[in-house]
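J.: coords below, sequence missing:
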């Protein structure tokens, strides 16, 4: 296998996740022996940082909350500076099963970016109503941009190969939904090959996803707007991204 | 137009210009942020000193009531100032974000270095840290 676990960095953005982060980090090391895990504490006001360290993870502390996009860029930059080839994002709330990383890595031989998708046969996770329509709409649109069938574009469970890591260390967006939607657009337009692998998703340890119709409608509107602006922006090529970070 | 309103107009325009130039002089305002206020102050001074230029300019663009040109230009200037501030804010946010990321990464490196120093001070052979 070309893509090894040792060359892969788990990046776990964590904002006030003191209840779950230690257990999730433990599970990562248990299911993926030899992997390195970086928890990016995104300006938490609780004990997230200490809990993550107690679990055995490396911890990067952001001085204030930047959102998932900012936390992930720390991860990508750390990966580049420390010689990791791949970066896999795992949520700190225990929603993603670390065992799925092996399935993502196996697919990396022919892709630059692999998404772990729910609603693809595996797992017992389901979303209904306007939120589901939003996800379906985004999937259809982004599948066309990415030139492959994507069913779950808002999934945070994703693995970036060497080319995508170089691209994202420079160009990972920090805006709302940028970490899911715009990052896909950026990767697709930089000619990265995007693939999808079905993975099981678990119910989040803390709280359930919102099903409130108004919130879902606002989400849909913001998602469409985010997509619109992502498509409007001039594409970045991978050549630009190779330039060493300042 | 009475002499009083004439003087009032000229003095108002002069006051605007003096405030902006004084702030520029004391480096309380950067030139690129002051440019719209300078343009507005200069226009106000010209119109204040020669009120007929307003009638003439309104005639050129076909505005029947010259005063409406004043309102239009005022709104336009405020619009550009706001846009400029929004753009500057975006740039500043991007810079702050990069600084925060760099600070987090540097903090990690300091932690690794401190651990190494502690280890070598204990008298152990300076073992190489994994990360």
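T.: Nice, thanks for sending it over. Just so we're clear, the structure is a prediction, and the values are computed from it rather than from any experiment.
J.: Would you map the helices across chain A?
T.: Along chain A, counting by DSSP state H, helices occupy A:21-31, A:48-54, A:67-81, A:100-107, A:129-146, A:162-171, A:183-189, A:213-232, A:238-242.
J.: Nearest to residue B:14, out of the ones you listed?
T.: Taking CB to CB as the criterion, helix A:213-232 is the member of those that comes nearest to residue B:14, at 44.1 Å. (C-beta placed from N, C-alpha, C; glycine too.)
J.: Give me the distance from that closest one to the chain's centre.
T.: 19 Å (CA atoms, centre = their mean, to the nearest Å).
J.: Also stretch A:185-205?
T.: Taking CA atoms, centre = their mean, one finds stretch A:185-205 lying 8 Å from the centre of the chain it belongs to.
J.: cool, and stretch A:79-95?
T.: In terms of CA atoms, centre = their mean, the centre of stretch A:79-95 is set 9 Å apart from its chain centre.
J.: How far does that stretch stretch from one end to the other?
T.: Counting by CA to CA, to the nearest Å, the length from the leading to the trailing residue of stretch A:79-95 is 23 Å.
J.: in what helix or strand does whatever residue of chain B ends up closest to chain A lie?
T.: With CB to the nearest CB, the shortest gap between chain B and chain A falls at residue B:104, namely 4.3 Å. Per DSSP states H and E: residue B:104 is located in helix B:66-121.
J.: other SSEs contacting that helix?
T.: Packed against helix B:66-121 by the contact rule (3 or more CB pairs under 8 Å, 6 or more residues apart in numbering or on different chains; DSSP states H and E) you find strand A:58-62, helix A:67-81, helix B:31-49, helix B:52-61.
J.: so residue A:223 touches residue A:181, yeah?
T.: Yes. Counting by CB atoms under 8 Å, residue A:223 does reach residue A:181; the two are 6.4 Å apart.
J.: Overlap of the contact sets of those two?
T.: Residues touching both residue A:223 and residue A:181 by CB atoms under 8 Å, 6 or more residues apart in numbering or on different chains: residue A:138.
J.: So the two - more neighbours on which side?
T.: The neighbour comparison of residue A:223 against residue A:181 (other CB atoms under 10 Å in any protein chain shown) goes to residue A:181, with 27 against 22.
J.: how about the residues of chain A near chain B?
T.: Residues of chain A that fall close to chain B, judged by CB under 8 Å from any CB of the partner chain: A:36, A:40, A:58-64, A:66, A:70, A:73-74, A:77-78, A:81-82, A:174.
J.: how close does residue B:95 sit to residue B:120?
T.: According to CB to CB, to the nearest Å, residue B:95 and residue B:120 sit 37 Å apart.
J.: again but with residue A:68, I slipped
T.: According to CB to CB, residue A:68 stands 38 Å off from residue B:120.
J.: just the buried members of the residues of chain A next to chain B?
T.: Taking 16 or more other CB atoms under 10 Å in any protein chain shown as the criterion, what is buried in the residues of chain A next to chain B is A:36, A:40, A:58-62, A:66, A:70, A:73-74, A:77-78, A:174.
J.: would you turn the residues you listed into CSV with pLDDT?
T.: Converted to CSV, these look like this (pLDDT from 0 to 100):
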residue, pLDDT
A:36, 95
A:40, 96
A:58, 95
A:59, 95
A:60, 95
A:61, 95
A:62, 95
A:66, 92
A:70, 91
A:73, 93
A:74, 95
A:77, 95
A:78, 96
A:174, 80
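J.: if I look at the residue positioned nearest the centre of chain B, how far off is residue A:59?
T.: To find the centre residue of chain B, average its C-alpha atoms and take the closest one (CA atoms, centre = their mean): that gives residue B:33, at 3.6 Å. Relative to residue A:59, residue B:33 is positioned 40 Å away (criterion: CB to CB).
J.: Show me the shaky parts of chain A.
T.: Regions of chain A meeting the criterion pLDDT under 70 cover residues A:1-3, A:119-129, A:203-211, A:239-246.
J.: mind listing what the residue nearest in space to the middle of chain A touches?
T.: Of all residues in chain A, the one closest to the mean position by CA atoms, centre = their mean is residue A:156, 3.7 Å from it. When contacts are counted by CB under 8 Å, 6+ apart, residue A:156 touches A:68, A:89, A:91, A:95-96, A:179-180.
J.: when you check those residues against the strands, which ones overlap?
T.: Secondary structure assignment (DSSP state E) places residue A:89 from these within strands.
J.: tally of neighbours for residue B:44?
T.: Residue B:44, neighbours per other CB under 10 Å, totals 21.
J.: cool, and residue B:13?
T.: When neighbours are counted by other CB under 10 Å, residue B:13 registers 20.
J.: ok, now residue B:55?
T.: For residue B:55, the count of nearby residues is 13 (other CB under 10 Å).
J.: List the single closest residue to it in space, sequence neighbours excluded.
T.: With CB to CB, 6 or more residues apart in numbering or on different chains as the criterion, residue B:55 has its nearest non-adjacent residue at 5.0 Å, and that residue is residue B:66.
J.: now residue A:29
T.: residue A:56 (6.0 Å).
J.: Residue A:23 is in contact with that neighbour, correct?
T.: No. With contacts counted by CB under 8 Å, residue A:56 stays clear of residue A:23, the gap being 11.8 Å.
J.: and the helix or strand bottoming out on mean pLDDT in chain B, what does it pack onto?
T.: Evaluated with mean pLDDT, DSSP states H and E, the helix-and-strand set of chain B has its lowest mean pLDDT in helix B:31-49, which scores a mean of 90. Based on contacts counted as 3+ CB pairs under 8 Å, 6+ apart, the elements that helix B:31-49 packs against are helix B:3-25, helix B:52-61, helix B:66-121.
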